[in-house]
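# The following block contains a protein sequence and its predicted model.
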Amino acid sequence: MIVTSSLIIWKALICVTGSESPVVVVLSESMEPGFQRGDILFLHMSKDPIRAGEIVVFNIDGRDIPIVHRVIKVHERKNTGEVDVLTKGDNNPGDDRLLYAKGQVWLHRHHIMGRSVGFLPYVGWVTIIMTEKPIIKYILIGALGLLVISSRD
């Protein structure tokens, strides 16, 4: 019942926010001091044009983990009106072109998962700890399983 409810809530958030991943955890220090490692970001994706200064979450072809960085430059294609963006982590010395796929200079709209519209500080540490120390995840799952078994009504 809990799993089903969680999936329904997740799918509803996807529909409401327009983002394939409406909630993400900051995994590195690249956005400090604005966002710390372990902060949870809430995302929204609208049809509005992306502007320099916005914080976006994007996927790079060939990588599984999304990246949270700030848009530093916007390039509008005159013939189509489509917008390409260049990003940079606030705590990084240079732009993200070295992170992009080989030969890629700009991010296109389909790379952008969403824009940051809010955050919860440090709450994402639970996810980071369970990912980096899998034994804690297994202990937690085991404890929850024992709780379910032992609490028969």
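Yep, that arrived. Since the structure is predicted, the reported quantities are computational estimates derived from the model, not experimental observations. Numbers count the residues shown, from 1 in each chain.

# Work out for me the element Arg115 sits within.
Assignment of secondary structure by DSSP states H and E places Arg115 within strand 112-120.

# Pull out the buried positions in stretch 83-99.
Val83, Asp84, Val85, Leu86, Thr87, Lys88, Gly89, Asp90, Asn92, Asp95, Asp96, Leu99 (16 or more other Cβ atoms under 10 Å). Glycine gets a C-beta too; all of them are placed from N, C-alpha and C.

# counting contacts, what elements does the lowest-mean-pLDDT helix or strand in the chain pack onto?
Averaged element by element with mean pLDDT, DSSP states H and E, the chain has its least confident helix or strand at helix 2-17 (a mean of 85). Other helices and strands packing on helix 2-17, by 3 or more Cβ pairs under 8 Å, 6 or more residues apart in numbering; DSSP states H and E, are strand 40-44.

# what's the angle between the strand it packs on and strand 112-120?
Angle of strand 40-44 versus strand 112-120, following axes from the mean of the first three to the mean of the last three Cα atoms, to 10 degrees, is 130 degrees.

# helix or strand right after strand 40-44?
Proceeding C-terminally, strand 40-44 gives way to strand 55-58 as the next helix or strand, assigned by DSSP H and E.

# Check the offset of that following strand from the chain's centre.
Averaged C-alpha coordinates place strand 55-58 at 7 Å from its chain's average position (Cα atoms, centre = their mean, to the nearest Å).

# Next: stretch 59-66.
On Cα atoms, centre = their mean, the centre of stretch 59-66 falls 11 Å from the chain's centre.

# and the end-to-end length of that stretch?
Criterion Cα to Cα, to the nearest Å; first-to-last residue distance in stretch 59-66 is 5 Å.

# who's in contact with the least confident helix or strand of the chain?
Taking Cβ atoms under 8 Å, 6 or more residues apart in numbering as the criterion, the residues outside helix 2-17 that touch it are Glu20, Ser21, Pro22, Val23, Phe42, Leu43, His44, Met45, Gly114.

# Buried only: go through those residues for me.
Burial of the contacts of helix 2-17 was assessed by neighbour count (16+ other Cβ under 10 Å); the buried members are Ser21, Pro22, Val23, Phe42, Leu43, Met45, Gly114.
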